[in-house]
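Would you be able to build a 3D model of this:
(one chain, ligands or ions: 1)
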Amino acid sequence: MPLGAGLPPDPHGLFPGQGLSPSPPPSKPPSWLFPHVVSFLLFLPIPDRNRWSEDYQDCRGTMQSPININMANTIFSPHLRAIQLSGYSLPANEMLKLKNNGHTVVLELPQSMAITGGYAQQYRAVQLHLHWGATTGPGSEHTINGHRFSAEIHVVHYNTKYDSFKEAMVQPDGLAVLGAFLEMGPRDNPYYQELLDHMQQIQREGEEVLVPGFNIASLLPVNLKYYYRYNGSLTTPPCYQSVRWTVFNQTMMISRDQMLMLITSLRNDDGKPLQSNYRQTQSLHGRTVLASFQPTFFAPKQLPAGKECVECAQGAGMQRQGKEQELRHPVSLTSICIG
Ligand SMILES: [Zn+2]
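All right, here's what the predicted structure looks like:
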């Protein structure tokens with residue numbers, strides 16, 4: 001399975017600039033960057049991406065994911081309420097399975113975790129996983145105004161009106177995935193470290209380790225009010241078009257060392273570095289992307305707690321960003337930092 005080893009330089013460069021800047025739509029990277037996308041949910045063998053559309057009818061459908069979200073084309077919906085999470089704070093004595101499935105790192109989640117607000121129905125958690133790039137370029141799946149972020153977390157849930165994930169995943173309203181972007185910031189993120197601490201134990205495909213429970217919500221933005229919503233699909237075969245996507249506006253921050261750890265720790269089923277495990281963005285085919293807020297040029301970033309948080313907030317760049325946010329949204333500087 002072709003992965004990032006020996007890749008030529010990515011047009012995005014080494015860990016490109018932070019934040020949302022108006023950048024041109026990404027030129028389509030060569031197809032060999034993509035054939036190894038995450039075994040999203042089903043842990044099925046992922047065939048050569050060039051064959052996805054031949055082997056799986058839904059992969060050539062008109063409601064595929066991920067997508068580029070063009071802020072100017074989103075529609076503000078005041079009916080989209082804040083996402084509410086239930087049961088996300090897990091005790092340390094509840095052990096969770098963390099696995100290298102050859103395509104990503106997957107943390108299995110207990111069904112006691114759920115989304116209880118922000119969707120018309122309730123959804124139970126199944127697992128979370130990450131998408132990332134390589135030292136040559138970023139690796140989020142969704143892009144905003146053509147900007148690809150360093151990495152992206154997906155927390156996968158299924159509708160409680162169905163008896164199982166397997167039953168739900170083929171229904172139009174079967175799945176809900178919460179997505180958040182990761183960028184590099186000035187300090188370690190202690191919550192992501194809960195996972196990264198164990199990456200060296202699962203370097204090879206199929207390896208797994210038990211990790212103590214923690215507050216899974218801390219892997220997601222503090223601000224669960226501002227997000228994009230659209231109907232899409234699994235981003236790997238069988239590409240079922242059964243996902244109601246939530247893509248948060250607020251970006252999570254991890255340190256450069258942590259990002260390197262994420263990018264370099266795992267190997268795929270060929271024994272090569274597991275990198276750039278994202279699918280290219282798919283055509284909207286006329287779909288509407290809703291926003292729970294009125295999007296602006298600036299997107300807030302969330303730094304983990306620390307004294308630098310105040311310092312950076314007082315720095316010119318962050319201060320300007322914060323003021324812009326406050327002018328346009330009721331988002332305060334303090335909400336950027338985890339207190
Ligand atoms: Zn994913």
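
all strands for the stretch 51-200 of the chain, in order.
Using DSSP state E, counting those that start in this stretch, the strands of the stretch 51-200 of the chain run over residues 68-69, 75-76, 84-86, 95-100, 105-108, 114-117, 123-132, 143-144, 147-148, 151-159, 175-185.

wait, which of the ones you listed is closest to Glu205?
Nearest to Glu205 among these is strand 95-100 (5.7 Å), distances taken as C-beta to C-beta. From N, CA and C alone the C-beta is placed, and that goes for glycine too.

How about residues contacting that closest one?
For strand 95-100, contacts defined as C-beta atoms under 8 Å, 6 or more residues apart in numbering pick out 90, 105-110, 195, 198, 202-213, 266-267, 274.

What remains of these if I keep only buried residues?
90, 105-107, 109, 195, 198, 202, 205, 208-209, 211, 213, 266-267, 274 (16 or more other C-beta atoms under 10 Å).

And those residues, which two are furthest apart?
Across those (C-beta to C-beta), the longest gap, 28.1 Å, separates Leu90 and Arg267.

For the closest residue to Gln282 other than its chain neighbours, grab the count of nearby residues.
Distance criterion C-beta to C-beta, 6 or more residues apart in numbering; nearest residue to Gln282, sequence neighbours excluded, is Gln64 at 3.8 Å. Per other C-beta atoms under 10 Å, the neighbour tally for Gln64 reads 24.

is it true that Gln64 touches Thr236?
No - counting by C-beta atoms under 8 Å, Gln64 sits too far from Thr236 to count as a contact (11.0 Å).

So which of the buried ones among the contacts of strand 95-100 are in helices?
Judged by DSSP state H, the buried ones among the contacts of strand 95-100 include Leu195 as members of helices.

Hmm, Val289 is touching Phe76, no?
No - at 10.7 Å, Val289 does not count as touching Phe76 under the criterion of C-beta under 8 Å.

More neighbours: the two, which one.
Just comparing Val289 and Phe76: by other C-beta under 10 Å the higher neighbour count belongs to Val289, 21 against 11.

wait, what's in contact with that one?
Contacts for Val289 (C-beta under 8 Å, 6+ apart) come out as 67, 69-70, 73-75, 228-230.

And those, which of them are buried?
67, 69, 74, 228-230.

pLDDT and distance to Tyr123 added to these, as JSON lines?
JSON lines is the format used below for the buried ones among the contacts of Val289 (pLDDT from 0 to 100; distance: C-beta to C-beta, whole Å):
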{"residue": "Ile67", "pLDDT": "98", "distance to Tyr123": "20"}
{"residue": "Ile69", "pLDDT": "97", "distance to Tyr123": "21"}
{"residue": "Thr74", "pLDDT": "96", "distance to Tyr123": "22"}
{"residue": "Tyr228", "pLDDT": "98", "distance to Tyr123": "17"}
{"residue": "Arg229", "pLDDT": "98", "distance to Tyr123": "13"}
{"residue": "Tyr230", "pLDDT": "98", "distance to Tyr123": "16"}
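
and those, which of them are in helices?
Using DSSP H, none of those sit in helices.

now, which of those sits nearest Leu260?
Checking the buried ones among the contacts of Val289 against Leu260 by C-beta to C-beta gives Ile69 as the nearest, at 27.2 Å.

I'd assumed Phe248 was in contact with the closest one.
No - between Ile69 and Phe248 there is no contact under C-beta under 8 Å: 11.4 Å.

pLDDT value on Arg51, please?
pLDDT recorded at Arg51 is 78.

Kindly apply the preceding question to Met1 instead.
Looking at Met1, its pLDDT stands at 28.

contact partners of the helix or strand harbouring Thr246?
Thr246 is located in strand 243-248, with elements delineated by DSSP states H and E. For strand 243-248, contacts defined as C-beta under 8 Å, 6+ apart pick out 65, 69, 83, 118-119, 142, 173-181, 220-221, 223-224, 226-234.

do the same with stretch 107-117
Applying C-beta under 8 Å, 6+ apart, the contact partners of stretch 107-117 are 81-88, 90, 94, 96-99, 122-129, 155, 157, 160, 176, 178, 195, 211, 216.

mind listing what the strand holding Thr246 pairs with, with the direction of each?
Strand pairing for strand 243-248, using DSSP bridges, gives strand 175-185 (parallel), strand 227-232 (antiparallel).

Let me have those in CSV, extended by distance to Tyr56.
Shown next, in CSV, are these (distance: least, C-beta to C-beta, whole Å):
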stretch, distance to Tyr56
strand 175-185, 16
strand 227-232, 15
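
So which of those strands is nearest Asp257?
Closest to Asp257 of these is strand 175-185 (C-beta to C-beta; 9.2 Å).
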